[in-house]
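Student: Sequence and predicted structure are below.
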2 protein chains.
Amino acid sequence: MTAEESTPSDDPPHLDTSHDAARSIPAVAVVDAETPGNVGTIARAMKNFGFRDLLLVDPPELDPDGEAYGYAGQARADVLANARELPFDQLVAEYHTIGCTAIPNEDDRRHVRFPFSTPRELGERLPMVEAETALVFGRERIGLTNEELARIDEVCSIPASAEYPVLNLGQAATITLYELRTLTLGPDGTQLPDVERVRADQVTLERLYGQWAALLAELNHPEEKRPKTMRMLRRVFGRADLTDREANTLLGLLRRATERPDREDN
Amino acid sequence: MTAEESTPSDDPPHLDTSHDAARSIPAVAVVDAETPGNVGTIARAMKNFGFRDLLLVDPPELDPDGEAYGYAGQARADVLANARELPFDQLVAEYHTIGCTAIPNEDDRRHVRFPFSTPRELGERLPMVEAETALVFGRERIGLTNEELARIDEVCSIPASAEYPVLNLGQAATITLYELRTLTLGPDGTQLPDVERVRADQVTLERLYGQWAALLAELNHPEEKRPKTMRMLRRVFGRADLTDREANTLLGLLRRATERPDREDN
């Protein structure tokens, strides 16, 4: 890999379509972190989003009774315990490296921080890439240096407030790994149930609207207003995506309201 | 707001189309946090993603020289300094509340944690809503209790690894606020330049391919292989979205390679 500005580094992803081995899960590299707590936070986010290989360049001392292990949660037993220390030279030699920085360059007059991708764009592109990749995060105060970024294959930036775009190291890594969970967690890999909500079937919903219509009649709601009111009700329940159980509970309540023996008016 | 399981809480968003006031930016509420550092982390993420109003229910003591202010970065001077303490009863009375939890229910037999939305879905839906909204995060070890969630209007869950879906409080809030930056940062509100990469114009790119063709000829690349090689080159540079400057630098290099007086073969 060349680092000179006059020789743009165009290291396109290796699309090896002849080879259908399982996709590699990117490693996560932390360069020169000062705070053990941040290393622990990153290890935890890695386990939360299905990443395994933590690479440490010039790490702080990680005391098994200290903050790194405290912040790692359940990742203390695997991700953090199995972290591998290596020099920066080896990192860039062995991996396709993606460096994360809060401040990209504005245009292509300088290549150190431009072009860049957002984590979401990487999450869309990288699943097609079969290669050893490492996401690289820099030290707390200044992130990755220009010298480091020049040796890294591509640049990634998290969109944030122009007023204060610099995220804490652990938080930046957490967001990046969250966006890249598409590389690690299959369609059934998250804790969320497959179907987030199951909309009630249309027959049930039509019975619900029928019951609303009956209630409007029972309430002597002005006849000329009923179509408009019914449309409003359809909009309200339409966008709420009622589940079957919700629709049936509502239907029961409305039926009882319609049939109230003591009802006079609303 | 009703909390009984038998009366589903359908509190649809108030779509007030007659009213074109500026959209409200959701407040962020933290319930019963134990660690001042997490409060600081959340304040920082709020400022990173354009949120302002921090609400604290039963907060730990926030020492101006302690971890909360240390972790808040530049948010120590506004978001954290202006945080407002209030009781949980007031929170649910004054705001449309969205409670974040790692573990939703599986289906609609229980309403406490079902249905739920992901932060990304909220980021798509909430921009249309004009109402006082608060995102509610719970204490470190157990999150929001079922009693608290029952009084909250809707539920949000971050997709994470089924093996270890429980995020640290500060990290969960960071991801949620990152996804909801659509509510706070306008199209020009982030630090990223408008155009992340500007693809070179097609005339320049065709000159680049022409120069490659000249180089292949100069190298006596077998004539029958040239169309296939040219297609490969188009694919490589096509997906790299070369900028103008990159394309021109490459063009210059290739021209010099083609014209090398001492060239014999490759």
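Tutor: Arrived safely, thanks for sending.

Student: Could you use CA atoms for every contact and neighbour count after this?
Tutor: Fine.

Student: and residue A:152, how many neighbours?
Tutor: By the criterion of other C-alpha atoms under 10 Å in any protein chain shown, residue A:152 has 29 neighbours.

Student: I figured it hits residue A:99, correct?
Tutor: Yes - Residue A:152 is in contact with residue A:99 according to C-alpha atoms under 8 Å; the separation is 6.3 Å.

Student: neighbouring strands for the worst-scoring helix or strand of chain A on mean pLDDT, and are they parallel or not?
Tutor: Least confident element among the helices and strands of chain A, by mean pLDDT, DSSP states H and E: strand A:116-117 (a mean of 86). With DSSP bridges as the test, strand A:116-117 is paired with strand A:154-156 (parallel).

Student: what's the spacing between the partner strand and its chain's center?
Tutor: Centre-to-centre, strand A:154-156 and its host chain are 17 Å apart (C-alpha atoms, centre = their mean, to the nearest Å).

Student: for stretch A:149-157, same thing?
Tutor: Between the centre of stretch A:149-157 and the centre of its chain there are 21 Å (C-alpha atoms, centre = their mean).

Student: and if you look at stretch A:76-96?
Tutor: Centroid separation between stretch A:76-96 and its chain, computed with C-alpha atoms, centre = their mean, is 23 Å.

Student: Relative to chain B, how far out is residue A:70?
Tutor: For residue A:70, the distance to chain B equals 11 Å [C-alpha to the nearest C-alpha, to the nearest Å].

Student: swap that for residue A:213, please
Tutor: In this view, residue A:213 and chain B are 19 Å apart by C-alpha to the nearest C-alpha.

Student: any weak-confidence spans in the stretch 51-200 of chain A?
Tutor: Filtered on pLDDT under 70, the stretch 51-200 of chain A yields the residue ranges A:128-130, A:195-197.

Student: what does it have sitting close to chain B?
Tutor: Within reach of chain B by C-alpha under 8 Å from any C-alpha of the partner chain, the stretch 51-200 of chain A has these residues: A:74, A:103-109, A:114-117, A:157, A:159-167, A:171, A:174-175, A:178, A:181, A:185, A:189-193, A:196-197.

Student: which ones among the residues you listed are found in strands?
Tutor: Those of these mapping onto strands are A:116, A:117, per DSSP state E.

Student: can you give me the offset of the least confident helix or strand of chain A from its chain's centre?
Tutor: That offset, for strand A:116-117, works out to 17 Å (C-alpha atoms, centre = their mean).

Student: cool, stretch A:150-166 as well?
Tutor: 16 Å.

Student: Also stretch A:103-115?
Tutor: What separates the centre of stretch A:103-115 from the centre of its chain is 25 Å, taken as C-alpha atoms, centre = their mean.

Student: related to what we said a few turns ago, give me the buried entries from the residues of the stretch 51-200 of chain A next to chain B.
Tutor: Among those, those classed as buried by 16 or more other C-alpha atoms under 10 Å in any protein chain shown are A:74, A:103-108, A:114-117, A:157, A:159-162, A:164-167, A:171, A:174-175, A:178, A:181, A:185, A:189-193, A:196-197.

Student: Next one: residue A:114 from residue B:238, what distance?
Tutor: 17 Å (C-alpha to C-alpha, to the nearest Å).

Student: How about residue A:41?
Tutor: Distance, residue A:41 to residue B:238, by C-alpha to C-alpha: 38 Å.

Student: average pLDDT for the helix or strand containing residue A:231?
Tutor: Using DSSP states H and E, residue A:231 maps to helix A:226-240. For helix A:226-240, mean pLDDT is 88.

Student: returning to what we had before: residue A:41 and residue B:238: which has the busier surroundings?
Tutor: When neighbours are counted by other C-alpha under 10 Å, residue A:41 and residue B:238 differ, and residue A:41 comes out ahead with 28 against 12.

Student: Would you agree that one falls within a strand?
Tutor: No - per DSSP: H, G, I helix; E, B strand; the rest coil, residue A:41 lies outside any strand segment and is helix.

Student: Share the number of residues neighbouring residue A:227, please.
Tutor: Quick note: residue A:227 (other C-alpha under 10 Å) scores 11 neighbours.

Student: same deal with residue A:231?
Tutor: Per other C-alpha under 10 Å, the neighbour tally for residue A:231 reads 11.

Student: and the gap between it and chain B?
Tutor: For residue A:231 relative to chain B (C-alpha to the nearest C-alpha), the value is 15 Å.

Student: Next step: the buried ones among the residues of the stretch 51-200 of chain A next to chain B restricted to helices.
Tutor: Secondary structure assignment by DSSP state H places A:171, A:174, A:175, A:178 of these in helices.

Student: Correct me if wrong: the second one contacts residue A:45.
Tutor: The reference is to residue A:174. Yes - under the criterion of C-alpha under 8 Å, residue A:174 makes contact with residue A:45 at 5.4 Å.

Student: Give the intersection of the neighbour lists for these two.
Tutor: The contact sets of residue A:174 and residue A:45 overlap at residue B:171 (C-alpha atoms under 8 Å, 6 or more residues apart in numbering or on different chains).

Student: about what we covered before: next structured bit after the least confident helix or strand of chain A?
Tutor: Remark: after strand A:116-117, the chain's next helix or strand is helix A:119-125, criterion DSSP H and E.

Student: I'd like to know which elements that following helix is packed against.
Tutor: Counting contacts by 3 or more C-alpha pairs under 8 Å, 6 or more residues apart in numbering or on different chains; DSSP states H and E, helix A:119-125 packs against helix A:169-179.

Student: Nice, that's everything, thank you.
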